[in-house]
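Asks: Structure, please.
(one chain, ligands or ions: 5)
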Amino acid sequence: MQFPLGSLSIFRIVLLVVVLLAGLSAVQYRPDVSGRVWQAGKAAWWDSRLLDLGLTGWGQAPKQPIAFSHALHAGEYGLDCLYCHSAARVSPVAHVPPVQTCMGCHARPTPNPEIKKIQTYWKNQEPIPWVRVHALPAFTRFNHKRHVRAGVDCQSCHGEVQRMQRVEQVSSLKMGWCVTCHDAHQASKDCLVCHY
Ligand code: HEC
Ligand code: HEC
Ligand code: HEC
Ligand code: HEC
Ligand code: HEC
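Replies: Ligands and ions are numbered 1, 2, ... in the order given. Alright, predicted model coming up:
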């Protein structure tokens, strides 16, 4: 009994290609993740694939260009989330605050090197290149305003941010996660509500 000609080597080649591709996308992606700045916008499709593999997103707390602490500002000093993320109440995106918001409290000369960085960005009129933590794939749509107005608090989705030194993604942001909560709140599960 003979195997059909070459079927084993074809199988091997396919396997090799799959392994190579998986390796390549992981390797190529890594520098991309640390380099993706907040302004980068929507994540690519493979973001959620890598999320499945635990290579990005969920559980990660990327290092930021300035050691800004939510635990200090929103925790210890009790600043309201909407003081800095006021867009969340009126628009689909929550936005990170502009340098101007920081300068409202940090304009005075200081020996603190992290605060000096803020003043340098301000002097140069450059935005702070914050690294984005949460990002849905491009084929989905999300709307902060709808959730904030419906009384869903930030913490139900983002966790106890007011205790975080560095923001970390605590929810999977997967479709099942969205739909489970929509089920519980009788919110819409129409595909087109969340997909383009
Ligand atoms: C003093 C201003 C300020 C306050 C108050 C504040 N934030 Fe932020 N927030 C920022 C800045 C700056 C960033 C970007 C840097 C970072 O990720 O730490 C950010 C980032 C975030 C992110 C991550 C965004 C991303 O890239 O995915 C979340 C989520 C967030 N904030 C939620 C909250 C919540 C919830 C509260 C209230 C408990 C809050 N913030 C209060 C300034 C603030
Ligand atoms: C409402 C006032 C207020 C705003 C707005 C504010 N901060 Fe602060 N921040 C403080 C106070 C108070 C402290 C602690 C005293 C100090 O070090 O000046 C502080 C401390 C800091 C520190 C030093 C922390 C440390 O442990 O050394 C950094 C860095 C910082 N803030 C970054 C930012 C950034 C970035 C923004 C803008 C997104 C911002 N802050 C907005 C009030 C504010
Ligand atoms: C129902 C879940 C949910 C709630 C409630 C929620 N967020 Fe988000 N947030 C998300 C998701 C999902 C993303 C990623 C959105 C994307 O990539 O389009 C996100 C992204 C962000 C971002 C970064 C991107 C952006 O939209 O600017 C910030 C900052 C943020 N949220 C802050 C907040 C704050 C502050 C609150 C409370 C006022 C809040 N969020 C409430 C789910 C939520
Ligand atoms: C913690 C609970 C919760 C989670 C998690 C959640 N949602 Fe929602 N969502 C709601 C509620 C409650 C409403 C209804 C708001 C209203 O009635 O206006 C809603 C409404 C919406 C709407 C507007 C629906 C409409 O009828 O126009 C969109 C879009 C949406 N959610 C997308 C998402 C996406 C995408 C995710 C996941 C990334 C998500 N939501 C996760 C609770 C949640
Ligand atoms: C409440 C929001 C929400 C609703 C309603 C929703 N989706 Fe999704 N869906 C998402 C989010 C967020 C993602 C991206 C994260 C992920 O891959 O799970 C997604 C991903 C997907 C994917 C890609 C899955 C993958 O593994 O790449 C498909 C296909 C899809 N949705 C189809 C549907 C269909 C069909 C419906 C209607 C029956 C639907 N969705 C309803 C939020 C939603």
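
Asks: Residue 65 against residue 126, yeah?
Replies: No: applying CB atoms under 8 Å as the test, residue 65 and residue 126 come out as separate, 10.7 Å apart. Where C-beta positions appear, they are placed from N, C-alpha and C, glycine not excepted.

Asks: residues from this protein in reach of ligand 2?
Replies: 66-68, 72-73, 77, 79, 97, 101-102, 104-106, 112, 114-115, 118 (CB under 6 Å from any ligand atom).

Asks: Could you give me the PyMOL syntax to select whichever of these are buried?
Replies: To isolate the buried members of the residues of the chain next to ligand 2 in PyMOL, using 16 or more other CB atoms under 10 Å:
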select buried, resi 66+68+73+102+106+115+118
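
Asks: And the helices in this protein?
Replies: 7-35, 45-52, 70, 81-84, 87-90, 99-106, 113-123, 144-149, 154-158, 175-184, 191-194 (DSSP state H).

Asks: Distance-wise, check residue 134 relative to ligand 5.
Replies: Separation of residue 134 from ligand 5 (CB to the nearest ligand atom, to the nearest Å): 11 Å.

Asks: Show me what from this protein comes close to ligand 3.
Replies: So the chain meets ligand 3 at 81-82, 85, 88, 93-96, 134-136, 142, 144, 147-148, 152, 154, 156-158, 173 (CB under 6 Å from any ligand atom).

Asks: Also near ligand 4: which of those, exactly?
Replies: By CB under 6 Å from any ligand atom, the members of those lying near ligand 4 are 136, 142, 147, 152, 156, 157, 173.
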